[in-house]
Every structure is written in C-alpha cells, then in structure tokens.
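Q: here is the input, now give the coordinates:
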Amino acid sequence: MKIIKKSLWVLLIVFLMSQFFGPEKNQGDIASINAFLEETNPPEDVKLILKETCYDCHSNVTRYPWYNNITPVNYWLNHHVEEGKEELNFSNWIGNSVKRKDDKFEELIEMVDDKEMPLPSYTWTHKEAKLTDAQIASVVNWAKQVRMKYSLMPKPE
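A: Residues are numbered from 1 along each chain as shown. Sure thing, here's the model as predicted:
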C-alpha cells in the first residue's frame, strides 16, 4: 500500500512539473493565408468554412482551446497540427508548384467529399467544424473550379 501511495505522489509531482513545459505554439500571422485566398478566390461561405474547419491544422495560425494548456494534451494537439501542416499548409501556398497545388486540391476534394476531413477528433471538440452536406458541396464545387484553373496553367516537365 505504501508503494502505491508513493508511486501516486511521484506521478502527481511529475504531472504538475510537466505543466511548465510544452511544445512551441503554432501562432503565425493570419496574413500568411492571404496568398492562398487571393489565388484560389473562395466565395465567402467557403472562406468561413476554411477558417472554422481547416486553418487550425492546415496553416501557421492555430486557435488553441483551453485544454491545450494541459500536458500531455498539448503535445498530442501539436502532433496533429504538425501532421496537418505537413500534408497541406495554406500559409506556405506560394512555394508550391502548380502540379502540387492541383494534387492538394484533388486530395482536398476526396477527403472532404468522403467526410474524412475535418477529422472526427477535431469535430468532437469543435462542433462548428462538422460540415453539412450543403457545406461539403460548396467546398467541393469551389475546389473543382480551382482545379480547372490549375489545369489550364502551364506545368513544367
């Protein structure tokens, strides 16, 4: 019994001390998304959808919930953000080739249309991010128009 009590005290102390540490936050400038918005020209309803459902994980601008201040949750969230930015980062849109942009939009269409994005783990805590069928249709239609634009652009060999 004493070993269990001591172990619990040690775990509590480690947990409390870990609260003073955490990953670096992903809090860039919202203006970093402007190049993406100017190039892809989403309608206002799609802009709002992107802001509410995509930017937290797919840009350099993340709105953190209160529970991000709790270790180890902050490391778990940071991992999701880093993984999301690796796949698609709206803040770094300029540096991508036309082919890569087109490929990313093809993936976006597939993931949103198949309701794989936004992730269920995100929509559990962000109810506003759960897309309706009409919102999905708006995003997919816009993304298809963007892909059409990219298909008309010259692509280097």
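
Q: what's the spacing between the helix ranked longest in the chain and its chain's center?
A: Among all segments of the chain classified by DSSP state H, the helix with the greatest residue count is helix 133-151. Remark: helix 133-151 is offset 18 Å from the chain centroid, using CA atoms, centre = their mean, to the nearest Å.

Q: helices or strands up against it?
A: Here helix 133-151 is seen to pack against helix 44-53, helix 98-113 when contacts are counted using 3 or more CB pairs under 8 Å, 6 or more residues apart in numbering; DSSP states H and E. (Glycine included, C-beta is placed from N, CA and C.)

Q: quick one: average confidence on that helix?
A: Per-residue confidence for helix 133-151 averages out to 94 on the pLDDT scale.

Q: buried residues in it?
A: Buried residues in helix 133-151, defined by neighbour count with 16 or more other CB atoms under 10 Å: Q135, I136, S138, V139, V140, W142, A143, V146, R147, K149, Y150.

Q: low pLDDT regions in this protein?
A: Within the chain, the stretches with pLDDT under 70 are 14-18, 22-23, 26, 155-157.

Q: list the contacts of the most centrally placed residue in the chain.
A: Within the chain, one residue has its C-alpha closest to the average C-alpha position: by CA atoms, centre = their mean, that is C57, at 1.8 Å. With contacts taken as CB atoms under 8 Å, 6 or more residues apart in numbering, C57 has the following neighbours: H80, V81, E83, G84, K85, P118, L119, Y122.
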